[in-house]
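> Build me a structure from this.
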Amino acid sequence: MGLGPAPVRAAEMPPPQGIRPKDFTLVKNDGVYHLFYIRHNDFLPSWATENDFGHAVSTDLYHWTQLPPVLGIVPGVWDNLHVWAPHVVRWGGVWWMFYTGVTEQAGQFRDTQRIGAAVSSDLMTWSRVGGGPVWTTSGAPWALWAPLSGVMACRDPFVMPDPAAPGQWLLYYTATPANDTLSTLIGVARSPEDDPTGWVDEKPLWITHYTYSFNSLTESPHLLLHNGHWFMFITTNAGQPISFFVGSSPSGDPAQWVYRGRLKNLLGFDTSTWFASESLRDGDVDLFAFVANDHIEVLRMNWGAGDNFSLAEPDYFHMVHMNWTRPIVRENQFVGLKLTAVNGTSFSDSLVAWTLDAQGREIPAPLASLGLPSVPNLANDSTVVAWFAKRWPDTLPASEPMALRVAMSDGTATTPWLAVYANPIQQLPFAGPGGTAPDQPAPEDPPQPSPNPPPPPEDSLLATATKSAPANGLALRVLDGSPLGGGPALLFELAAAGPARLELFDLQGRKLVTLADRAFPAGTQAVLWDGHLASGARARRGLYFVRLVTPARVATTRLWLDR
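Residues are numbered from 1 along each chain as shown. Below you'll find the predicted structure:
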């Protein structure tokens, strides 16, 4: 990693032989890390390389499998020369890749950089969106737009939600200012209508101009939030390429940023071979990745005081997947906690558990009181921990289910919520001293929601809302009612604290009752329904629809009342 003291070894992604990676993106889905990167071949002429993206996957960041390249150039398509700098985000329930497309067309475009988009449902197969780019500097009056000039920059997209404007997104990219065509800086565009293909100019970030960063080349931006502060990293043409800033706003003016200088100055060792850095929030862990000469390295950020951090080797152990053998159980019945892990012999962490209180807030639950191990035996890659279900706390009313999830203590993996219902049998009798078979049958499992309920009529209010509702950020689902007569619960996630309204409709789109209309904290929320309508009458058995409305999103789900 260069001269001087260096951290312990990083996790590395070596590319295929003959390929040198350049700008890249790192995401995680269902416990698997995906890395998409520019594939550069030094033995080919410039026009014959950087014309698709490499795709590698890993379950631990140390062992990578190369998959077929994606999004190769196509003759006659607008990005017919090169594809650069992918950045992948989850938006509207699917994966979006924003990337730089380079166009060559005689008399119109000469090595012209513009930003395009592609979409995928599985991170494997990608389709270009529309017939052209989604953003060019022709829409930014402060930036140079000269499609026949090889010096014009419009590349290296980084996309994230705007924390100050729910439902809107920000696009950061490398641009050439019109008043200084010998340098680049970072520009920002905005998607004001929650549309990945609709962008308008926001502003240039002058803090990234050479008058502040002391370098004429500024590219490959990415941002992360820590402890209320925004960290923006860029790659420059300095001897130590990676520099960073810390600010109170991700799109602030220069006075709102502090230039921290070269990353080398903070770390205390040479980083001259590092460029095109990226970051990934993995649970509660921040990963920092970069290209180092001919491969990509991944390190863990260890945060200290005063917006400082060090870099260390990522954990070798990784919990890939956590789940329950069934989603609903009664107390005093067995259910399996399924754990899929890699490098289990290096497991040095622990499990934690969470329940929901009446307001939908997550409450830490003691694993010892639940009878679950905090350090399970992970000698095998796949383990099922048998759990004799218990409810906690003892004061939980019998009419209310306990919602339980188990997670890694660092948040890198979690189970879905398990519903644990009360059971009138408090202790299963045994067949005799030392026996294990109960001398009477266990109670039946709680009833499940009716399978495949019919969709809402096409012209109903809720059908329209369902089609327009984005899937990200407001996952709404039903937790089925208690077998002892309690009503169902509605569970949803809020990225930030704020008002939310939960309403119940019939098949004709008529509102029957408002279940909640108040401010909620951030995180997972649970709203219980006692089965009564606004009139006071008890709802009949059948299909209903629930709509969740917040200032930023609308989500709907079906609810089958089976009593």
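> now the strands for the stretch 401-550 of the chain?
402-408, 418-421, 476-479, 489-494, 498-505, 511-520, 523-528, 542-549 (DSSP state E, counting those that start in this stretch).
> Format these as a markdown table; extra columns: mean pLDDT, distance to residue 55 and mean neighbour count.
Using the backbone N, CA and C atoms, a C-beta is placed for each residue, glycine as well. Compiled in a markdown table, those are given as follows (pLDDT from 0 to 100; distance: least, Cβ to Cβ, whole Å; neighbours: other Cβ atoms under 10 Å):
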| stretch | mean pLDDT | distance to residue 55 | mean neighbour count |
| --- | --- | --- | --- |
| strand 402-408 | 96 | 26 | 22 |
| strand 418-421 | 94 | 34 | 24 |
| strand 476-479 | 75 | 31 | 18 |
| strand 489-494 | 79 | 29 | 21 |
| strand 498-505 | 90 | 37 | 18 |
| strand 511-520 | 89 | 39 | 14 |
| strand 523-528 | 74 | 33 | 20 |
| strand 542-549 | 84 | 35 | 20 |
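> With distance to residue 228 added, can I get those strands in TSV?
Formatted as TSV, the strands of the stretch 401-550 of the chain follow (distance: least, Cβ to Cβ, whole Å):
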stretch	distance to residue 228
strand 402-408	24
strand 418-421	33
strand 476-479	29
strand 489-494	18
strand 498-505	18
strand 511-520	21
strand 523-528	17
strand 542-549	28
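> for those, which one sits closest to residue 91?
strand 489-494 (15.9 Å; Cβ to Cβ).
> Below-threshold pLDDT in this structure: ranges please.
1-8, 425-475, 479-487, 524, 562-563 (pLDDT under 70).
> Identify each of the helices in it and give its residue range.
Taking DSSP state H to define them, one finds helices in the chain at 210-213, 263-267, 367-370, 461-468.
> Of all the residues in the first one, which ones are buried?
When you say that, I think you mean helix 210-213. Buried residues in helix 210-213, counted by 16 or more other Cβ atoms under 10 Å: 210, 212, 213.
> Also stretch 408-417?
408, 412, 413, 414, 415, 417.
> Report the separation between the first one and residue 375.
What it means is residue 408. 12 Å (Cβ to Cβ, to the nearest Å).
> what does the third one give?
Between residue 413 and residue 375 the distance, using Cβ to Cβ, works out to 15 Å.
> that older thread, tell me which two of the buried residues of stretch 408-417 sit farthest apart.
Maximum pairwise distance among the buried residues of stretch 408-417 (Cβ to Cβ): 17.9 Å, between 412 and 417.
> Grab the most central residue of the protein for me.
Nearest residue to the geometric centre of the chain (Cα atoms, centre = their mean): residue 90, 6.3 Å.
> could you list every residue that touches the spatially closest residue to residue 132 that is not a sequence neighbour?
Of all residues not flanking residue 132 in the chain, residue 78 sits nearest, at 4.8 Å (Cβ to Cβ, 6 or more residues apart in numbering). Residues near residue 78 by Cβ atoms under 8 Å, 6 or more residues apart in numbering: 101, 103, 114, 116, 131, 132, 133.
> Select only the buried ones of the residues you listed in PyMOL?
The PyMOL selection below is limited to those of those classed as buried (16+ other Cβ under 10 Å):
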select buried, resi 101+103+114+116+133
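> How many neighbouring residues does residue 320 have?
Residues lying near residue 320 (other Cβ atoms under 10 Å) number 17.
> Quick one: residues contacting it.
Applying Cβ under 8 Å, 6+ apart, the residues near residue 320 are 31, 32, 59, 340, 341, 342, 413.
> Show me which pair in those is furthest apart.
Checking these with Cβ to Cβ, the most distant pair is 32 and 341, at 13.0 Å.
> So these two - more neighbours on which side?
Using other Cβ under 10 Å, the more surrounded residue of residue 32 and residue 341 is residue 341, with 26 against 16.
> Residue 201 versus the spatially closest residue to residue 282 that is not a sequence neighbour, what's the distance?
Counting by Cβ to Cβ, 6+ apart, residue 282 lies nearest to residue 412, which is 5.3 Å off, once chain neighbours are set aside. Look at residue 412 and residue 201: by Cβ to Cβ, they are 38 Å apart.
> Hmm, residue 408 is touching residue 319, no?
Yes: in this structure residue 408 lies within contact range of residue 319 using Cβ atoms under 8 Å: 5.3 Å.
> need the contact list for the residue lying closest to residue 257 once chain neighbours are set aside.
Residue nearest to residue 257 in three dimensions, not counting chain neighbours: residue 247, with 3.9 Å by Cβ to Cβ, 6+ apart. Shown in contact with residue 247 (Cβ under 8 Å, 6+ apart): 207, 229, 230, 232, 256, 257, 258.
> Report the contact partners of the third one.
Going back to what we said before, that points to residue 230. Contacts of residue 230 (Cβ under 8 Å, 6+ apart): 223, 224, 246, 247, 248, 249, 250.
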